[in-house]
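> Quick one: sequence and predicted model below, then my questions.
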Amino acid sequence: MTIKVTIWNEGRHEQVHKEVQDIYPDRIDGAIAAGIKHPDFEIRRGTLDDPDEGLPDSLLNDTDVLLWWGHMAHEEVSDGLIDRIQQRVLKGMGLVILHSGHHSKLFRRLMGTNANLSWRESPAGDLERVWVINPSHPIAEGLPPFFEVNASEMYGEPFDIPQPDELIFISWYSGGEVFRSGCTWQRGRGRIFFFSPGHETYPIYHDKTIHKVISNGIRWAEQKHRDGRILENWHRAEALHPRPDGKI
Ligand code: ZN
């Protein structure tokens with residue numbers, strides 16, 4: 001069955017920074033879409049400057065898994081859109097938060113923390129070695145014991161997140177730091193996967209291993225069963241059984 005994937009990209013760096021345009025001429029969402037192309041995925045793309053902030057209800061409500069990349073305009077995303085996405089996640093839509101999406105309104109809302117971390121950006125970047133610490137997890141399917149990103153932005157601990165349900169990756173950087181670079185949570189009926197490699201001035205979203213991780217993340221985050229009861233506040237006025245002592 002086809003998974004309806006929507007790649008949401010803030011899309012601002014590509015408008016104003018030539019070095020980002022040079023690396024991602026079809027924007028970051030275009031590079032990801034090309035990289036994860038597969039008959040199983042029906043891919044749609046949206047940006048902040050598109051009508052309805054790139055996610056009209058008609059698209060959001062028809063999305064099985066949403067990918068989220070943002071950085072310089074987190075605060076411009078309306079609270080109304082965050083409310084609608086949150087409710088879709090709680091009802092079972094999968095969510096993949098990419099890189100600097102850690103500081104988005106959306107991720108912070110779903111985590112309930114500030115999601116602060118330590119970071120360092122340099123022209124050459126850090127070498128990032130991503131260790132696959134949960135090799136039997138579906139997101140690790142087909143991956144080697146570790147893989148490397150030759151030029152990456154350092155995202156380091158402490159990372160201000162609630163304890164992840166599962167840790168898939170831990171990264172080491174040539175500068176000496178470490179980071180929980182692949183984490184999962186469940187919120188309501190929805191599955192959330194955070195994956196950190198992916199800075200806009202490095203060609204990380206042209207990397208086949210990164211595409212593999214994102215594809216695996218989409219397949220994991222999709223809820224196969226869609227007909228389960230929505231988790232609503234359920235007033236059960238009538239008990240299933242009377243009390244043994246006959247009291248009401
Ligand atoms: Zn970055």
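Perfect, I can see it now. Note that this is a predicted model, so its numbers are computed, not measured. Numbers count the residues shown, from 1 in each chain.

> for the ion, what are the nearby residues on the protein?
S100, E153, H199 (Cβ under 5 Å from the ion). Any C-beta I mention is one placed from the backbone N, CA and C, and that applies to glycine too.

> so which strand or helix has the last one?
To tie it back to what came earlier, the one meant is H199. Remark: H199 resides in no helix or strand, with elements defined by DSSP states H and E.

> That one and S152 touch, don't they?
Yes - look at H199 against S152 with Cβ atoms under 8 Å: they come within range, at 6.5 Å.

> counting residues per helix, which one in this protein is longest?
When the chain is parsed with DSSP state H, its longest helix is helix 208-221.

> Buried residues of that one, list them for me.
209-221 (16 or more other Cβ atoms under 10 Å).

> show me where the protein has helices.
13-16, 18-23, 27-35, 57-60, 79-90, 105-111, 208-221.

> In a markdown table, list the ones you listed along with mean pLDDT.
Putting these into a markdown table (pLDDT from 0 to 100) gives the following:
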| stretch | mean pLDDT |
| --- | --- |
| helix 13-16 | 97 |
| helix 18-23 | 97 |
| helix 27-35 | 98 |
| helix 57-60 | 97 |
| helix 79-90 | 97 |
| helix 105-111 | 98 |
| helix 208-221 | 98 |
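
> what's the closest of those to G246?
Smallest distance to G246 across these (Cβ to Cβ): 39.8 Å, for helix 79-90.

> Buried residues, the closest one. List them.
Residues L81, I82, R84, I85, Q86, R88, V89 are the ones in helix 79-90 that count as buried (16+ other Cβ under 10 Å).

> quick one: contacts of that helix?
Surrounding helix 79-90, the residues in contact under the criterion Cβ atoms under 8 Å, 6 or more residues apart in numbering are 53, 55, 57, 60-61, 63, 66, 93, 95, 105-106, 109-110, 187-190, 192, 231.
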